[in-house]
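Enquirer: when you get a sec, could you give me coordinates for this:
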Amino acid sequence: MTDTTITLEALGPGPTYVGKNVWLPQLFMETARAGLPVIENRRFENCLMEGPAVLLPLEGCNFDGCNMGDAKGDPRNLMLTPLGPQRVTGPIPFKNCQFINCNFLGVGFTGPSEFIDNMVAVLSQPGPAQ
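Expert: Sure thing, here's the model as predicted:
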């Protein structure tokens, strides 16, 4: 067996990412190692947002012209409902971030019921948001 080391190029603190492949666990770890608990005030344009990951938009996040991933015919397949009333552990938190013409691969979404209901309604409509 050979020892193979995989090295990822740092994504950096942004605030703008254009045409990047963004592995969400890496972005979260870079942010956490910088002492920040939330990925905040970033702009992602024409990026491939790669999981496996669950994204938690806290507030002020917009998804414009994005492909949210393969829902296998039902947008609810991309959503995970939190069971606790106050918080959820594990998802990658975003705040005041813009996602423009991004593609999501292997990413689920969670948040308050209003967010989930809104996302399901938007993704159920034909158009570029699917």
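
Enquirer: and the residue most central in space within the chain, how far from residue 102?
Expert: Ranked by distance to the mean C-alpha position of the chain (Cα atoms, centre = their mean), the top residue is residue 55 at 4.1 Å. Distance of residue 55 to residue 102, given as Cβ to Cβ, to the nearest Å: 11 Å. The C-beta positions use only the backbone N, C-alpha and C, and glycine is treated the same way.

Enquirer: and residue 4, by the same measure?
Expert: For residue 4 relative to residue 102 (Cβ to Cβ), the value is 30 Å.

Enquirer: neighbour-wise, which of the two wins?
Expert: Remark: of residue 4 and residue 102, residue 102 carries more neighbours, 22 against 5, as counted by other Cβ atoms under 10 Å.

Enquirer: quick one: pLDDT of that one?
Expert: The score at residue 102 is 98. That number is its pLDDT.

Enquirer: from memory it sits against residue 61, does it?
Expert: No. With contact defined as Cβ atoms under 8 Å, residue 102 does not count as touching residue 61 (11.6 Å).

Enquirer: give me the common contacts of the two.
Expert: With contacts taken as Cβ atoms under 8 Å, 6 or more residues apart in numbering, not a single residue reaches both residue 102 and residue 61.

Enquirer: burial check on residue 119, number of neighbours?
Expert: Using other Cβ under 10 Å, residue 119 has 21 neighbouring residues.
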